[in-house]
Structure formats: C-alpha cells, structure tokens
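**Q** here are the coordinates; sequence isn't available:
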C-alpha cells in the first residue's frame, strides 16, 4: 500500500538485513531517521524507542522460531492438539 503513495524503499522488518542489524543501529535510525524514514527522536522517548526495538525483535523471533527456542519444560505442549473455536451455534446455547 505504501508503494502506491511513492514510498518505494519500504522494507519488511522481517528482511534478513534488518534482522542482522544491531539494536543500536535501529535505535539510531528511529532517533535520527534514514532515507525516507523521518526522525522520531523528538517524538518518542528513549525508553519507548528501546521498547519498540524489543517488540520488533519479538516479532522477528516469532516468525523465525524453531522448536529449540521453546523452553524444554514447554515442548510437550507443542504436540497437544489445540481446542477448536466454539461455533456460533454453541455460543447460543
């Protein structure tokens, strides 16, 4: 969608280059801007910038997780079937 408005350099945060980027470099980019990204340093507190980076890393990890990322005590739960969502019919009862 953003490319339709002229932002041709939009990169996925799941891009390997971004995943390998140091946290400090991301912090600097948020603070000072880079290429088409504006500087958000004046608008976002230092604490919130670090929180954004932590959230970004959690999203990246969730999309590239392996079984080894799951603590051993929780791996048993991976094999359990999930409970089906209640149907609209069941919700009426």
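**A** Happy to help now that I have it. Predicted model only: the values in this text are computed from it and were never measured. Residues are numbered from 1 along each chain as shown.
**Q** Next, work out how far apart residue 24 and residue 31 are.
**A** In this view, residue 24 and residue 31 are 10 Å apart by CB to CB, to the nearest Å. Quick note: C-beta positions are derived from backbone N, CA and C, even for glycine.
**Q** These two: which has the busier surroundings?
**A** residue 31 (15 against 9; other CB atoms under 10 Å).
**Q** and the nearest residue to the more buried one once chain neighbours are set aside, what pLDDT?
**A** In this structure, residue 31 finds its nearest non-sequential neighbour in residue 41, 3.8 Å apart by CB to CB, 6 or more residues apart in numbering. We have a pLDDT of 95 for residue 41.
**Q** can you pull out the helices in this protein?
**A** 16-20, 23-32, 46-63, 88-92 (DSSP state H).
**Q** Not counting its own residues, what contacts the third one?
**A** Outside of helix 46-63, the residues that reach it under the criterion CB atoms under 8 Å, 6 or more residues apart in numbering are 13-14, 18-19, 23, 26-27, 30-31, 40-41, 44, 69.
**Q** what's the average pLDDT for it?
**A** Helix 46-63 comes out at a mean pLDDT of 94.
**Q** That helix versus helix 23-32: what angle between them?
**A** Orientation check (axes from the mean of the first three to the mean of the last three CA atoms, to 10 degrees): helix 46-63 against helix 23-32 gives 130 degrees.
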